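Engineer: need coordinates for the following:
(2 chains)
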Amino acid sequence: MKQQAKEKTDALQLSCFYVGSALCGIDINLIQEMNRQMETTKVPQAPSYVLGIMNLRGRIVTIIDLGLKLGLAPSKTTETSRIIIVNSRDENVGLLVDRITDVVTSKWGDVESNPSNIKEVKGRCFLGTLKFPKGLIALLDIGEVLNEDL
Amino acid sequence: MGISTHVGYEYSVAKDTNNVLINDQSMKSNLQDVASTGGLNCEPKACKSNMIQPDSLRVNVSLLEDLMNLAGELVLSRNQLMQAISSNAIHQIEVAGQRIDLVTSELQETIMLTRMQTVGNIFNKFPRVVRDLARTLGKEIDLQLEGNDVELDKTIIEGLGDPLTHLVRNSADHGIEMPDVRVAAGKPAMGTIVLKAYHEAGQVIIEIVDDGAGLNSEKIVAKALSRGLISPDQAKSMSDKEKANLIFLPGLSTAEQVTDVSGRGVGMDVVKSNLDQLGGQVDIETERGRGTTIRIKLPLTLAIIPSLLVSVGQERYAIPQVNVDELLCIPVDQITERVELVGDAEVLLLRGELIPLLYFSNVLGLDVSSCEASHMVGEILRGDKSLKEIRKDGCASAAVNLVVVSAGQFRYGLVVDQLHDSVEIVVKPLGRHFKDCQGYAGATIMGDGHVALILDVAGLGRLGDLSLSIARETVPMGKEAEVSSAQDKLSLFVFRNTPQEYCAVPLDLVARVELIDAAEIEEVGGRRVIKYRGGTLPVFSLDQATNVNMLDLSGEIIVIVFLMAGHEIGLLAKPPVDAIEAQVAVDGFTLKQPGISGSAVIVDNTTLLVDIYELIQTVQPEWFAVRGSIESAGDAGEVGVPHLLLVEDSDFFRNQVKKFIEDDGYTVDVAEDGQVGWNMLDADPNKYDLVVTDIAMPNMDGFELAQRIRKDKRFALTPIIALTSLAGDEDVARGKAVGIDDYQVKLDKERLLQSVYEWLKRYAS
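Structural biologist: Now for the predicted structure:
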C-alpha cells in the first residue's frame, strides 16, 4: 500500500485524531465516513479490542477500540468520541477514537520512517510519522491495524 | 480402473490438494460471501471463492415491471410522508406510514422472487456430463431429471453446482458398474441415475439416486479406523447408515487409485462443507448391490430465516427456528423435580429424555447478575440459595425459560432470561474479526434498529463442550434401555374435557395445538369451525360424538389439530394440557364406549383414552368414503381374504391395531412378541400374506424378527410393515437394512391400512 500510494500521487491528505494522547492520522481516501453513533451490541467471545457491532444503515459494522488495538489504554466513550468508518477488504469497520482534529495536507515524500524504537505489533501498524507544527502525526496503516490475526 | 479392483464406491481425495482443499479461513470467507450476497441491501461483491458467480441475472419482465411499479409507489408514499411531516398532520403521517409499510413488504417479497431460480439451470448440464462420462468409461447410463422447475435462491443454486457435479460424477464413475458386471448381477445393462428435486416441509430436497453397486461400508469403517477418525467402540455401535455417512469425514478416502473422473481433489468432506455453507444437510443411504441414494436438504432461501428471539441480560439473540424443538417454562418451585445434577452438570428430564442444560453465561462468558433467571437453576440445585431467598430477590413470579434446541447430533436446553417473538430476520454476515467466535451464525437488525446476534446452535454446543461422542453414545444406550424394558411407552397428549374429565390421545397423532378464545368458534352450516391459518378448520367437541359431559364453551379453549384422511380437524378441549410419556396399563373394558378406547390411570387421575379415528368417523363420515374403495379393492384381490400376522407386545396396541385391520376386511392373527410370531410363521409358512410388527418387544424384537424372516427363503417376499411410536431416521434406516418394507406410526390407522393394502397388492403381483 505504501508503495502504491507513493507512486500514484505524492499529495497526501490526512484525517487526524487522538487516540488517548497520541495524535494519529489516516489517509483520508480510506475513510468512508465519521459518525457519533455509539450504540453497539456486544459480542461475547470476541477479541478484547472489539467493542461490538453496530447497525450502519442496514449493514453490520464491527467497531474496534483503536486504543486497545494499538496496545494503548482503552478509549473511553465521551462527548468527543467518534467512530471512523473505514473500508477494509470489502468490509466496513468502525474505529473508535477519542477526538477528531483537522485534516492536514502534506506530501508522501515528507513521511519519515518509523523511529527505530517502535517495534513489534505497533511498528507494523504505522506507515511512518509526519512532522507537523503541532507535533508528530503517526500515520496508521489501516490494513495492518485491522489485521485480525495480530 | 479395472473392474476387478472395483469394490463399491471409492470416494477420493487427491494427493495434491493445495488448490482445492479449502482451509478453514477461506471457508469462512466463502460463508460470508454467501451470506452477504444473501442479504438484501448488501452491495454485490467481488467473490473470493473459487465458485464462479455470473454477474448478471435473468429476471422475468413482468417481475421487473412489478418492481418498477412498487418503486414508484414507494417514492409517492415518501413524498406524502415528507409533506405530512412538514405540515405536521399526524393523521396523514400515519396513513403514509402504513402505505410505506405495505409497499416495502411487497417490494421485499418481489425482490426475493427475482432471486429465485429453477434448479433446471444446474440440472440441465448433467445429461451432457453423464453422457460424456458414460462414453469415456464405457458404461451405459441413463440420467433421469425430475423437478426441473423447483425454485431455489440464486446463491444456493450457484453454490450447488460444484457439489452436485461431484456427486453425479461419483455416481457415474463409482456407483454404476460396467455393463457386463451389471448383467452378471442380474441388473439391466443400462444403469440409471435419477436426479430429482422436490419440495418437502418447507425445504427443497435434491436426491441423487443410482442403481449401482452401493457403498462398501465395511471398507469405509476400516479406513476411518485406520485414520483414527473413530474409535473401535464407536464403530461397533454404528448403524449401516452411520457407517455410510462416515465418508463425509475429512481425510477419508477409500480410493486406491485416483481416476481422472472423480479424483479431482475434491473429497466428499468438501462436498459436505460446501453444502453446510448453504445451510443444507446431506445424507446417504446405500445398499450393497442395489445402489445409493444421496439426499440433500436445502432451505428455500438463505436471505430470510424465521427465528425465535430470546434475551439474556441486556442483549437479544435470535435462534433459527429450524433448530428450536420446543420451549419450556419451569416455575422455580419445580426446578428440583425437573432438573437433576449429574456430577457437576445440570440435566433436564424431558419426557424420559436427558437433556443437558447450557448457560449463556458459561458458554459465552457473559456477565450475568445474580437475579437473572438463568442463574437460578444452579443456585437452587446446589443449595447456594433456597427458594425463599430467590423469592426475596424479587424473582418470585419468575420461572426458568428453556429453549430446547437441536442441530445435527447436538440436542440441549439453552437457559435464557426471556423468550420473545418469533420473527423473520435478514441474515447479515459478521466481520472477519469474529472468525474465531464459534457461537454465531451472523447478525441481524431488529425493527428498532438494534443489532441482535444469530446463534449457531451447533457452534454453541461445541463451545459448551457437549462432545459429539457423548451425544452419539447416548443414542444407542437409550435404545437399549427401551428394548430391555420391553414395554411400549405411550406418548400421550393429556387434556381435559371438563375440569374433572381427563382425556388423552396418542401424541403422534396430534399435528398441532392452538389456544383460542371461545368466541372464535363460529357455527356455519350446522358445523363448528374456526379460522385457522387462512382457512377454516372444522372443530368438534368430545360430547358431540361420545358420551361425556358437555364441554364448557367459554374462555380459553384448546384446539388439538389432527390430520386425518388428508384433512385437518380440531378437537376442542380445556386447558391445562400436558404431554407425557409413560408406561401405562390400559384398561380396555371398564370405560370402553364408542370413541373411547379405554382408560388408564395417569398421574393419579383416571384418564380416558380417546379413539380419535372412531370419533372423526362419527363426526365426518364422508371423509372415509374414499378408503372404502380401497377396502373393496383389497377384497377383490385374487388371494381371497388376506391373512395378516400382527406381532405386538402391548395389549392395548395389539387390540387397537387388530381391531382396525380386521375392520378393513382382513384376517388377523396376533403374537405377543417376536419369538411367538416367528413360531407361528414357522409352523405354517404359507398362511400369512403380510407381517405387521412392533419394534420394541421382549424376547425377540422387531428388527430380529424381520432379519429372521428375510433370511428364510420361504418368506423372502413376505412384506413386513413395522409399527413404531418412535420412527426416528436411525430406526427407519436400521429397519430397511434388516428388510422391513415400510414403517408406520402406531395408531395412524389410515396410513397403516393404505400401506397394508399397497404391500399386499405388490406381494400378490
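Engineer: what number of residues lie near B:Asp276?
Structural biologist: 16 (other Cβ atoms under 10 Å in any protein chain shown). C-beta coordinates here come from the backbone N, C-alpha and C atoms, glycine included.
Engineer: any idea how far it is from B:Gly191?
Structural biologist: Separation of B:Asp276 from B:Gly191 (Cβ to Cβ, to the nearest Å): 29 Å.
Engineer: quick one: average pLDDT of stretch A:130-147?
Structural biologist: Stretch A:130-147 shows a mean pLDDT of 81.
Engineer: I should have written stretch B:316-323 there, sorry.
Structural biologist: Stretch B:316-323 carries an average pLDDT of 86.
Engineer: and the strands in chain A, which stretches?
Structural biologist: Along chain A, counting by DSSP state E, strands occupy A:11-19, A:22-27, A:31-35, A:50-56, A:59-65, A:82-88, A:91-97, A:99-107, A:126-132, A:135-140.
Engineer: how about residue 141, nearest residue that isn't a chain neighbour?
Structural biologist: Using chain A. A:Leu127 (4.7 Å; Cβ to Cβ, 6 or more residues apart in numbering or on different chains).
Engineer: chain B was what I was after
Structural biologist: B:Ala134 (4.2 Å).
Engineer: what does B:Leu81 give?
Structural biologist: B:Ala96 (4.0 Å).
Engineer: ramachandran coordinates for that neighbour?
Structural biologist: phi -60, psi -40 (degrees, to the nearest 10).
Engineer: okay, it: pLDDT?
Structural biologist: On pLDDT, B:Ala96 comes in at 88.
Engineer: which residues does B:Ile122 contact?
Structural biologist: B:Ile122 is in contact with B:Ile157, B:Leu160, B:Gly161, B:Leu164, counting by Cβ atoms under 8 Å, 6 or more residues apart in numbering or on different chains.
Engineer: the second one against B:Leu278, yeah?
Structural biologist: Spelled out, it's B:Leu160. Yes: counting by Cβ atoms under 8 Å, B:Leu160 touches B:Leu278, with 6.8 Å between them.
Engineer: list residues touching both of the two?
Structural biologist: Both B:Leu160 and B:Leu278 are in contact with B:Leu298, where contact means Cβ under 8 Å, 6+ apart.
Engineer: quick check on the residue in the stretch 151-300 of chain B that chain A sits nearest to: phi, psi?
Structural biologist: Residue nearest to chain A within the stretch 151-300 of chain B: B:Thr155 (16.5 Å; Cβ to the nearest Cβ). Backbone torsions for B:Thr155, taken as degrees, to the nearest 10, come to phi -60, psi -40.
Engineer: same deal with B:Leu430?
Structural biologist: phi -90, psi 150.
Engineer: what does B:Lys687 give?
Structural biologist: Torsion angles at B:Lys687 (phi, psi; degrees, to the nearest 10) stand at phi -70, psi -40.
Engineer: number of residues surrounding it?
Structural biologist: Neighbours of B:Lys687 using other Cβ under 10 Å come to 12.
Engineer: once you drop chain neighbours, what's closest to it?
Structural biologist: B:His643 (5.6 Å).
Engineer: same question for B:Gln544.
Structural biologist: In space, B:Gln544 is closest to B:Val619, 6.2 Å off (Cβ to Cβ, 6+ apart).
Engineer: ok so, going back, quick one, which of the contacts of B:Ile122 are buried?
Structural biologist: B:Ile157, B:Leu160, B:Leu164 (16 or more other Cβ atoms under 10 Å in any protein chain shown).
Engineer: isn't the last one right up against B:Ile206?
Structural biologist: By that I understand B:Leu164. Yes: assessed by Cβ under 8 Å, B:Leu164 is found in contact with B:Ile206 at 7.2 Å.
Engineer: list residues touching both of the two?
Structural biologist: Shared contacts of B:Leu164 and B:Ile206, defined by Cβ under 8 Å, 6+ apart, comprise B:Leu195, B:Ile296.
Engineer: ok, back up a step: got the contact list for the residue nearest to B:Leu81?
Structural biologist: The contact partners of B:Ala96, by Cβ under 8 Å, 6+ apart, come to B:Ser77, B:Gln80, B:Leu81, B:Ala84.
Engineer: B:Gln418 and chain A, how far apart?
Structural biologist: Using Cβ to the nearest Cβ, to the nearest Å, one gets 16 Å for the distance from B:Gln418 to chain A.
Engineer: chain B contacts on chain A?
Structural biologist: Within chain A, the residues that sit near chain B (Cβ under 8 Å from any Cβ of the partner chain) are A:39-47, A:50, A:53-55, A:58-62, A:64, A:89-91, A:93, A:146, A:148.
Engineer: quick one on the thing from earlier: just the contacts of B:Ile122: which are in strands?
Structural biologist: The strands, defined by DSSP E, take in nothing from the contacts of B:Ile122.
Engineer: mind picking the two most distant members of the residues you listed?
Structural biologist: Using Cβ to Cβ, the pair of the contacts of B:Ile122 lying farthest apart is B:Ile157 and B:Leu164, separated by 10.0 Å.
Engineer: got the confidence number for residue 4?
Structural biologist: The chain I'm using is chain A. Confidence at A:Gln4, expressed as pLDDT, is 49.
Engineer: not what I meant, chain B
Structural biologist: B:Ser4 is given a pLDDT of 37.
Engineer: how about the one 5 residues further on?
Structural biologist: Confidence per residue is given as pLDDT, and for B:Tyr9 that number is 39.
Engineer: any buried residues in stretch B:650-663, and which?
Structural biologist: Within stretch B:650-663, the residues scored as buried using 16+ other Cβ under 10 Å are B:Ser650, B:Phe652, B:Phe653, B:Arg654, B:Asn655, B:Gln656, B:Val657, B:Lys658, B:Lys659, B:Phe660, B:Ile661.
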